[in-house]
Structure formats: structure tokens, C-alpha cells
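Student: I need the structure of the sequence given here:
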Amino acid sequence: MHELNGIVYADAPLADISTFNAVYIDYHTTVWNNGEIDIDPEILYENGEECALKQ
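Tutor: I've put the predicted structure just below:
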């Protein structure tokens, strides 16, 4: 885990590409590991960056 701007992130499991790729959306929230790891949509909105989709 690490902390960024006062928020603690449990990122070690997400460093594993197979775990990271198992993401799904549950009630408008990105979730991994059957709900053990999630990211609050407000955090994504406030800290996200726009990116272009690859065609």
C-alpha cells in the first residue's frame, strides 16, 4: 500500500497484470478481486486525465 494526497492505495495486487486485467464495474465503481479492491468514482473524476481511445 502507499499513500497519495492522504489516500491509502492497496496497489500491490494491481501490479499483477492478470489481476489488473480482471477489472469490472459494479454500481459505477471500478472493482478488482471480487470487490476487495475498488476506486471511488469521485477519486477517478477528481484525479483522472483525459485520454484518447485507440481506434
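Student: pLDDT at the residue nearest the centre of the chain, what is it?
Tutor: Among the residues of the chain, the one closest to the centroid is I39, at 4.7 Å (C-alpha atoms, centre = their mean). Looking at I39, its pLDDT is 83.
Student: Bridged to the nearest residue to it once chain neighbours are set aside, which residues?
Tutor: Closest residue to I39 apart from its sequence neighbours, by C-beta to C-beta, 6 or more residues apart in numbering: T30 at 4.9 Å. C-beta: built from backbone N, CA, C; applies to glycine. On the basis of DSSP bridges, T30 is bridged to I25, I39.
Student: pretty sure T30 contacts L44?
Tutor: Yes. Under the criterion of C-beta atoms under 8 Å, T30 makes contact with L44 at 7.1 Å.
Student: Pull the distance from the longest helix along the chain to the chain's centre.
Tutor: When the chain is parsed with DSSP state H, its longest helix is helix 41-47. Mean-position distance between helix 41-47 and its chain equals 10 Å (C-alpha atoms, centre = their mean, to the nearest Å).
Student: cool, and stretch 20-30?
Tutor: The chain centre lies 8 Å from the centre of stretch 20-30; the measure is C-alpha atoms, centre = their mean.
Student: So what touches that stretch?
Tutor: Residues outside stretch 20-30 that contact it (C-beta atoms under 8 Å, 6 or more residues apart in numbering) are L14, V31, W32, N33, G35, D38, I39, D40, P41, L44.
Student: Could you tell me the end-to-end distance of it?
Tutor: Counting by C-alpha to C-alpha, to the nearest Å, you get 11 Å between the two ends of stretch 20-30.
Student: I'd like the average pLDDT over it.
Tutor: 89.
Student: buried set for it?
Tutor: By neighbour count with 16 or more other C-beta atoms under 10 Å, stretch 20-30 contains no buried residues.
Student: For D16, see how far away the residue nearest to D40 when sequence neighbours are not counted is.
Tutor: What sits nearest to D40 in space, not counting adjacent residues and going by C-beta to C-beta, 6+ apart, is T29, at 6.9 Å. T29 sits 20 Å away from D16, going by C-beta to C-beta, to the nearest Å.
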